[in-house]
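> sequence below, structure please.
(chains A and B)
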Amino acid sequence: GGIITQTPKFLIGQEGQKLTLKCQQNFNHDTMYWYRQDSGKGLRLIYYSITENDLQKGDLSEGYDASREKKSSFSLTVTSAQKNEMAVFLCASSLDWVSYEQYFGPGTRLTVL
Amino acid sequence: QQKVQQSPESLTVSEGAMASLNCTFSDGTSNNFRWYRQHSAKGLEVLVSIFSDGEKEEGRFTAHLNRANLHVSLHIREPQPSDSAVYLCAVSSEPGTGSNRLTFGKGTKFSLIP
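Residues are numbered from 1 along each chain as shown, chains lettered A, B, ... in the order given. Take a look at the predicted model:
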């Protein structure tokens, strides 16, 4: 078995601030994902990384940057936090790009004041 | 573009009753369907994965897929208090492309009355 760790668990920022969320997995999976979950809107894919050194935009990439530092870690940066923004950011990983089985972390809850 | 809709938005059942959750999708060529459970402030836990028409059972959870009707359902037998959570349906976003991207529904909030 393995685990996905996301830090921090809660993130409070100010409008316009640059904020970074981190994700680590010890499954030795090739592919990692960042999703955003808003109340009443389901999960939307922000960025994904098929293998180490790869980066792909999802459906909601505007306003975000991502970085796959090594195989086990994938970071997401909110480039300029929007006032009153509240969402949960979920990191996931899968064995490879053709494997549908995605394993999820517990999430980072973002609040922007 | 794949569209996924779940109903009802919320569901409350009494202990001992069967719970049924629904999910409709727009692309009938999809070949990958998943039901996830999400407890408050926690990540998603996959309950059932189904790839062809018919039924798939995993413990107390059974998924029914009918691609002709663009419908996949989840039935929870003998729901427990620990089953109170949000249930998310996920469907392959780009069928036939080899991509494993998933499109998620907005979820059904399920609660059990003891």
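
> check which residues of stretch B:40-55 are buried.
Of all the residues in stretch B:40-55, those buried under the rule 16 or more other CB atoms under 10 Å in any protein chain shown are B:Gly43, B:Leu44, B:Val46, B:Leu47, B:Val48, B:Ser49, B:Ile50. C-betas here are computed from N, CA, C, even on glycine.

> can you tell me if stretch A:44-57 touches chain B.
Yes: with CB under 8 Å from any CB of the partner chain as the criterion, chain B is reached by stretch A:44-57 at A:Arg44, A:Leu45, A:Tyr48.

> by neighbours, which of those residues wins?
A:Tyr48 (25 neighbours; other CB atoms under 10 Å in any protein chain shown).

> show residues contacting the helix or strand hosting it.
Secondary structure from DSSP states H and E places A:Tyr48 in strand A:42-49. Strand A:42-49 has contacts (CB atoms under 8 Å, 6 or more residues apart in numbering or on different chains) with A:31-38, A:55-61, A:64, A:66, A:68, A:74, A:76, A:89-90, B:4, B:88, B:90, B:101, B:104-107.

> is the closest residue to chain B within chain A bridged to anything, and to what?
As assessed by CB to the nearest CB, chain B sits closest to A:Phe104 within chain A, at 3.8 Å. Beta-bridge partners for A:Phe104, by DSSP bridges, are A:Ala92.

> give me the neighbour count for A:Cys91.
Neighbours of A:Cys91 (other CB under 10 Å): 27.

> equivalent analysis for A:Thr31, please.
Around A:Thr31 sit 22 other residues, with neighbours defined as other CB under 10 Å.

> find the residue closest to it in space, skipping its chain neighbours.
A:Ser94 (4.7 Å; CB to CB, 6 or more residues apart in numbering or on different chains).

> what about the strands in chain A?
A:4-7, A:10-13, A:19-25, A:31-38, A:42-49, A:56-57, A:64-70, A:73-78, A:86-94, A:103-104, A:108-112 (DSSP state E).

> next one: chain B
Using DSSP E, strands in chain B cover B:4-7, B:10-14, B:19-25, B:33-38, B:44-50, B:54-58, B:61-66, B:71-76, B:85-92, B:102-104, B:108-113.

> so can I have TSV of those strands showing distance to chain A and mean pLDDT?
Putting those into TSV (distance: least, CB to the nearest CB, whole Å; pLDDT from 0 to 100) gives the following:
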stretch	distance to chain A	mean pLDDT
strand B:4-7	8	96
strand B:10-14	11	94
strand B:19-25	11	97
strand B:33-38	7	95
strand B:44-50	4	93
strand B:54-58	13	97
strand B:61-66	14	97
strand B:71-76	14	97
strand B:85-92	7	94
strand B:102-104	4	92
strand B:108-113	10	94
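
> redo those as CSV? Include distance to A:Lys22.
As requested, the strands of chain B are exported to CSV (distance: least, CB to CB, whole Å):
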stretch, distance to A:Lys22
strand B:4-7, 29
strand B:10-14, 33
strand B:19-25, 32
strand B:33-38, 21
strand B:44-50, 19
strand B:54-58, 32
strand B:61-66, 32
strand B:71-76, 33
strand B:85-92, 24
strand B:102-104, 23
strand B:108-113, 29
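
> what's the closest of these to A:Gln82?
Closest to A:Gln82 of those is strand B:102-104 (CB to CB; 22.3 Å).

> quick check: closest non-adjacent residue to the residue of chain B found nearest chain A.
Closest residue of chain B to chain A, CB to the nearest CB: B:Gly43 (3.8 Å). Among residues not flanking B:Gly43 along the chain, A:Phe104 sits closest, at 3.8 Å (CB to CB, 6+ apart).
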